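Peer 1: missing the sequence, but the structure's below:
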DNA sequence: ATGGGTCCT
DNA sequence: AGGACCC
């Protein structure tokens, strides 16, 4: 037990806090949620090393324009920083090898694969993506179901590190919940390494913020569990309120104006102290975050809400140059839309104008204009990554007219960025219950399309081509994916193989979370444990989703 | 920084 | 449409 008399215990405080968080089913029986955060180690650098294994032993970094955005651990072992300007780093470390990472295509593919591996192993649980290389998983239903397993088949070993392990109590049900989470986290990380050749770090805790924070304690390629009673101890290691995810630069600046400099200041603050700068809800949330209380649910990440591309460049001063750049951007974006398979209804153009920035005395002034786009123009992308000439020039003209709303071509301007994005995809009707029972209906959704063009062909005219040959991802990972089924664990984990044979995985993947959770809890967990169904009422629901025999 | 994304106002 | 946040 902690000597601290203050009740910072996140789990208990949260049980009441979640009451008004709409999407969280109240945790049963006073037990906490169990959240895993998985974070790939220097993701871009690892992907480049998988694509080009000779880089593994070299100090290497990934570059976008004039910035090195990440370096591998070989480089960091030599004292090379995680990031910096190309200029500074190549001068100080001539041995550093740089790979161009401006084309995100391969990263996107690896990111999707990671999400698939995680989702397949945490069947029926919510998985939320954060950027390309982080995922939150709410494994509460599985953990709670297994907590009641007989002790002899549930040794509850902790995997990885425990933050401040001294207060570990193996008989504490809360601790056992988290230990089960650590076993799952370990298995997920192992599988990501086996399937994709990538190492990762994980944090296990009672909410997203704490899982993410504690996951940073042992990197790379390791994991850390946070016990709720060590929440304050973890938070005390943070240098500033800015270190808390969700407190960004703007919020931090406001806090400083209020004289709140340290995390302790924020922890001790009252809502009334923050009232000048924040509304009540925000003030409450900030104070709670500072205390390690975070009721925000793990959301199920579906398909993207938007797809966009941006390119920065020295300067563009004419409509003609803009047209060329927009054409090029559209060509690449069309490929991505084609691979996605959905047809968007809104298109947006983004621009930065240096002259306007200076005129307004602002460091950053990104403008955008968007418009609906008639369905018939883009429908060609359903079957082909290239639009017919006519439609393609229509799209480019639409983009140019959007740009015209932002720049006055009869006055001087200096564009340093252009982007195109699409959004407002039609809802996917495949999710309606009726569609599950229509033969062949699912063949039209979630199609995985292969690129028709090499991405080398999509390198901008002025930029250096990507010179390295790029093995296909499946080729690249083959050495690591032996397809050997891992030895069964003492504690069974939730896996696709655990789906009852008469349940359709695809149906499951598309069920709303509350239904999935209910069904998971109701599942007899056949051949896994002797746990009895928790809720017999849902058995009739389950029967609706069984495959027809 | 860069090249993406998310959600909220 | 912009701004906050995240990576």
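Peer 2: Perfect, I can see it now. Predicted, not measured: the structure shown is a model, and the values here were computed from it.

Peer 1: ok, longest helix in chain A?
Peer 2: Ranked by number of residues, the top helix in chain A under DSSP state H is helix A:173-196.

Peer 1: how about it: buried residues?
Peer 2: A:174-189, A:191-192, A:194-196 (16 or more other Cβ atoms under 10 Å). Where C-beta positions appear, they are placed from N, C-alpha and C, glycine not excepted.

Peer 1: check which helices and strands it sits against.
Peer 2: Packed against helix A:173-196 by the contact rule (3 or more Cβ pairs under 8 Å, 6 or more residues apart in numbering; DSSP states H and E) you find strand A:35-40, helix A:105-121, helix A:140-147, strand A:200-205, strand A:223-225.

Peer 1: quick check: which ranges of the stretch 151-300 of chain A have low pLDDT?
Peer 2: Scanning the stretch 151-300 of chain A for pLDDT under 70 picks out the ranges A:151-156.

Peer 1: interface residues of it facing DNA strand C?
Peer 2: For the stretch 151-300 of chain A, the residues in contact with DNA strand C (Cβ under 7 Å from any atom of the strand) are A:212, A:244, A:245, A:246, A:247, A:248, A:249, A:250, A:251, A:252.

Peer 1: am I right that the fifth one is in a helix?
Peer 2: This means residue A:247. No - applying DSSP: H, G, I helix; E, B strand; the rest coil, one finds residue A:247 to be coil, outside a helix.

Peer 1: which non-adjacent residue is nearest it?
Peer 2: residue A:241 (5.2 Å; Cβ to Cβ, 6 or more residues apart in numbering).

Peer 1: for chain A, what's the longest strand?
Peer 2: As assigned by DSSP state E, the longest strand anywhere in chain A is strand A:306-316.

Peer 1: close to DNA strand C, is it?
Peer 2: No - residues of strand A:306-316 contacting DNA strand C under Cβ under 7 Å from any atom of the strand: none, with a closest distance of 9.9 Å.

Peer 1: so which bits of the very next helix or strand once past that strand are buried?
Peer 2: Of the helices and strands lying after strand A:306-316 in sequence (DSSP states H and E), the nearest is helix A:319-340. Of all the residues in helix A:319-340, those buried under the rule 16+ other Cβ under 10 Å are A:322-323, A:325-326, A:328-340.

Peer 1: if we can go back for a sec, pretty sure the residue nearest to residue A:247 contacts residue A:262?
Peer 2: Yes - contact criterion Cβ atoms under 8 Å: residue A:241 and residue A:262 qualify, at 7.2 Å.

Peer 1: so if I had to pick from those two, which one is more boxed in?
Peer 2: residue A:241 (22 against 14; other Cβ atoms under 10 Å).

Peer 1: so how far is residue A:91 from that one?
Peer 2: 35 Å (Cβ to Cβ, to the nearest Å).

Peer 1: same deal with residue A:318?
Peer 2: 35 Å.

Peer 1: which strand or helix spans the residue nearest to residue A:323 when sequence neighbours are not counted?
Peer 2: If the residues on either side of it in the chain are set aside, residue A:323 comes closest to residue A:400, at 6.0 Å by Cβ to Cβ, 6+ apart. Assigned by DSSP H and E, residue A:400 belongs to helix A:389-404.

Peer 1: tell me the residues of chain A that contact DNA strand B?
Peer 2: Counting by Cβ under 7 Å from any atom of the strand, the residues of chain A near DNA strand B are A:64-67, A:69, A:83, A:102, A:104, A:108, A:131-132, A:299, A:304-312, A:336, A:363-364, A:417, A:419, A:421.

Peer 1: among the helices and strands packed on helix A:173-196, show me which one is buried the most.
Peer 2: Across these, the average number of neighbours (mean count of other Cβ atoms under 10 Å) peaks for strand A:200-205, which reaches a mean of 30.

Peer 1: that one to helix A:173-196, inter-axis angle?
Peer 2: Interaxial angle, strand A:200-205 versus helix A:173-196 (axes from the mean of the first three to the mean of the last three Cα atoms, to 10 degrees): 160 degrees.

Peer 1: which single residue in chain A comes nearest to DNA strand C?
Peer 2: Nearest residue of chain A to DNA strand C: residue A:248, at 2.2 Å (Cβ to the nearest atom of the strand).

Peer 1: OK, contacts around the closest residue to that residue other than its chain neighbours?
Peer 2: Nearest-residue entry for residue A:248: residue A:242, 7.7 Å, with adjacent residues in sequence omitted and distances by Cβ to Cβ, 6+ apart. Residues near residue A:242 by Cβ atoms under 8 Å, 6 or more residues apart in numbering: A:248, A:249, A:252.

Peer 1: residue A:416 now?
Peer 2: Counted by Cβ under 8 Å, 6+ apart, residue A:416 has contacts A:312, A:313, A:314, A:315, A:316, A:352, A:353, A:354.

Peer 1: separation between the fifth one and residue A:402?
Peer 2: If I follow you right, that is residue A:316. Applying Cβ to Cβ to residue A:316 and residue A:402 gives a distance of 15 Å.

Peer 1: could you do the last one as well?
Peer 2: Spatial separation of residue A:354 from residue A:402 under the definition Cβ to Cβ is 19 Å.

Peer 1: higher neighbour count, the two?
Peer 2: residue A:402 (20 against 14).

Peer 1: do I have it right that that one meets residue A:370?
Peer 2: Yes - counting by Cβ under 8 Å, residue A:370 is a contact partner of residue A:402 at 7.1 Å.

Peer 1: so which bits of chain A are right by DNA strand C?
Peer 2: Residues of chain A lying close to DNA strand C by Cβ under 7 Å from any atom of the strand are A:39, A:130-134, A:212, A:244-252, A:348, A:365-370.

Peer 1: in helices, which of these appear?
Peer 2: Using DSSP H, those in helices are A:212, A:249, A:250, A:251, A:252.

Peer 1: beta partners of residue A:202?
Peer 2: residue A:38, residue A:223 (DSSP bridges).
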